[in-house]
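Peer 1: I would like the atomic coordinates for the input below:
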Amino acid sequence: MKNYDQVYVNGKFFTSDEKKLYADAMAVKDGLIAWIGEAAELDTTDEEVVDLQGKRVLPGIIDSHMHPVMLAANQRQIVCLPPYINSIEELIEAIKKARAAQGPKAWIFGWGYDEGKLKEGKTPSRYDLDAGADDVPVCILRSCGHMRCINSKALEMAGINRDTADPEGGEIMKDDQGEPTGVLRENARFLLSDILPKDSEDAVIDNLVMLSEHLVSQGITAVGDMGNLDDTDYYYVYQKARERGFLQRVSVFYMWESFKNISDFQFKPEQLDRKAPVKVSGLKIIADGGISGRTAWCNRPYLGGDGREQGIPTCTEDHIRSAIRFCKKYNAQLAVHAMGQSAIDRAVNVISEVEDWLDSDLPHARIEHASMPTEKALTKAAAADIAFVTQPVFLYAEIERYMENMGSEWLQSTFPVQDIMTAGIRLAFSTDAPATPLADASNPFVCMQSAVTRKAHDGTDCGQYHKVDIETAIRLYTAEGQYVMGFADNGMLKPGFAADFIVLDRDILSVPEDTIGQVQVEATYIDGCCVYKK
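Peer 2: Now for the predicted structure:
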């Protein structure tokens, strides 16, 4: 007889372990899975037996590309998307309300606007924001995170006027008279960096702890923090956040643009420990923008406009090479945001110049989003063992702008999941929360539904060839998330792995495909401890 701490029986376990995908019982000892299989084979004398009453059980969800610090801060800002904001007029009223509730010098922040979701069908301007408040700075971040809209007061404080030149890899949008409209695209959004107020460390930690409670309610037990828009060392922030109740395992990436000129910036060996609950993965580079904002760097023009607009490249090949040198020095990963064909080609070509620099079983390089890889990029990426991390939820949530910018035929070939897997490239799913126009942007089940149905929220067909079955979608959100993030022992329900698992309110493997997004979590366990119960 064997003694365990807990035994779970009468469950429908989907393990994400390809060697043994299904089970109906599991035993936990010291926070690890000690045994999993068929109940008839269980050998135990334990008293603590949990009857799961036939519920579906999955490994804890790993969101391998999100921005928890930004998502957490957004909880305290104006939410500029449906169902909260449906028009520029409503945005103006929300800004007025925020101004009335705060002091005379404080900034007003908002996030999530998407012109495709607004009744007017256009991007807000400085004058729209001025109508809400013209005596304090207002800054609204687009849902993609690659564009800001600011009011006249913020433009004045940043010293941006009709004579201000575009920074490399960015654009200050101007009207027909040459005046800034308030919209700052790609690297131009960093023109505010020196004047934007920063939350105190305590405030950031409080936000993260609050967010952690929400994430466990969605079954998310591990996350990849894929960089922030400042030079704070968030590894240490997460360490302190864990002491105050942050629950998820987390792996941190640093934006190379923010850290490359810091002379003493380095990775310490203990930061790279794959078994630590907080670890560092490596560096992040942004090679272009987003599809919905027309800044993803493509090899063909977007529809509409002047017929020449193909997006914005936001970094050079030498910039990528400098990041590779740093990653090689510290045995760390490189992640490159690349959505358009040209950006993906540039990233894959430069990375392929260098042999795999990691002596472990995790990918040395990742392409984030990988929305439109060319056949050549797929072949090269597979040969170089470059992993991809993509977000099917973008098609679901941003369909209005995707259709306007690309049309149906081009749209259906984006996020080519089947082509990526057929090429032999390791692939993981994620949400990129909060960088998509959903009020609950971190919901993994909406992302899975999008991958399984390849249909947008309005029913638009987004390309049936690239749909996957629900078992594959789950594996790409768990076992493959574990691989690309480099976590040591989670993402699967197998002996020796952490007992991170979730119990669902319905069987996600058998519900109608178009209801997968309605699945909810009844309980979440981390290291064998129940950290959430509905």
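Peer 1: quick one, longest helix in this protein?
Peer 2: Scanning the chain for the helix with the most residues, using DSSP state H, yields helix 201-217.
Peer 1: now find how far off-centre that helix is within its chain.
Peer 2: From the chain centre to the centre of helix 201-217 is a distance of 16 Å (C-alpha atoms, centre = their mean, to the nearest Å).
Peer 1: what's it packed up against?
Peer 2: helix 68-74, helix 234-243, strand 521-526, strand 529-533 (3 or more C-beta pairs under 8 Å, 6 or more residues apart in numbering; DSSP states H and E). (C-beta placed from N, C-alpha, C; glycine too.)
Peer 1: alpha carbons of that helix, as CSV, please.
Peer 2: Taking C-alpha atoms only, helix 201-217 is exported to CSV below (Å, rounded to 0.1, in the frame of the first residue of the first chain):
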residue,chain,number,x,y,z
GLU,A,201,6.0,49.4,-6.4
ASP,A,202,3.4,48.8,-3.7
ALA,A,203,0.6,49.8,-6.1
VAL,A,204,1.9,47.5,-8.8
ILE,A,205,2.1,44.6,-6.3
ASP,A,206,-1.4,45.3,-5.0
ASN,A,207,-2.7,45.3,-8.6
LEU,A,208,-0.9,42.0,-9.4
VAL,A,209,-2.3,40.3,-6.3
MET,A,210,-5.8,41.4,-7.3
LEU,A,211,-5.2,40.1,-10.8
SER,A,212,-3.9,36.8,-9.5
GLU,A,213,-7.3,36.1,-7.9
HIS,A,214,-9.0,36.6,-11.3
LEU,A,215,-6.6,34.5,-13.2
VAL,A,216,-7.0,31.5,-10.9
SER,A,217,-10.8,31.8,-11.4
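Peer 1: how about residues contacting that helix?
Peer 2: 68-69, 71-73, 75-76, 199, 223, 232, 237-238, 240-241, 244-248, 442, 521, 524, 526, 531-532, 534 (C-beta atoms under 8 Å, 6 or more residues apart in numbering).
Peer 1: and stretch 221-236, how far apart are its ends?
Peer 2: Start-to-end span of stretch 221-236 (C-alpha to C-alpha, to the nearest Å) is 19 Å.
Peer 1: how about stretch 104-122?
Peer 2: End-to-end distance for stretch 104-122, by C-alpha to C-alpha: 29 Å.
Peer 1: ramachandran angles for the most centrally placed residue in the chain?
Peer 2: Nearest residue to the geometric centre of the chain (C-alpha atoms, centre = their mean): residue 432, 1.8 Å. The phi and psi values for residue 432, taken as degrees, to the nearest 10, are phi 60, psi 20.
Peer 1: leaving out the residues flanking it, which one is nearest to it?
Peer 2: residue 391 (4.9 Å; C-beta to C-beta, 6 or more residues apart in numbering).
Peer 1: and the one you found, what's its pLDDT?
Peer 2: If you check residue 391, the pLDDT there is 98.
Peer 1: same thing with residue 268?
Peer 2: Note on residue 268: pLDDT of 95.
Peer 1: what about it, neighbour count?
Peer 2: 10 (other C-beta atoms under 10 Å).
Peer 1: list the contacts of it.
Peer 2: Applying C-beta under 8 Å, 6+ apart to residue 268 gives no contacts.
Peer 1: domain assignment for this protein?
Peer 2: Residue ranges for the domains of the chain, per automatic domain parsing: 6-59+497-533, 77-192.
Peer 1: for residue 284, which of those domains is the nearest?
Peer 2: Nearest of these to residue 284, taken as C-beta to C-beta: domain 77-192 at 12.5 Å.
Peer 1: quick one on the thing from earlier: just give me the neighbour total for the residue nearest to residue 432.
Peer 2: 26.
Peer 1: thought residue 427 was touching it, still the case?
Peer 2: No - between residue 391 and residue 427 there is no contact, the gap being 11.4 Å when judged by C-beta atoms under 8 Å.
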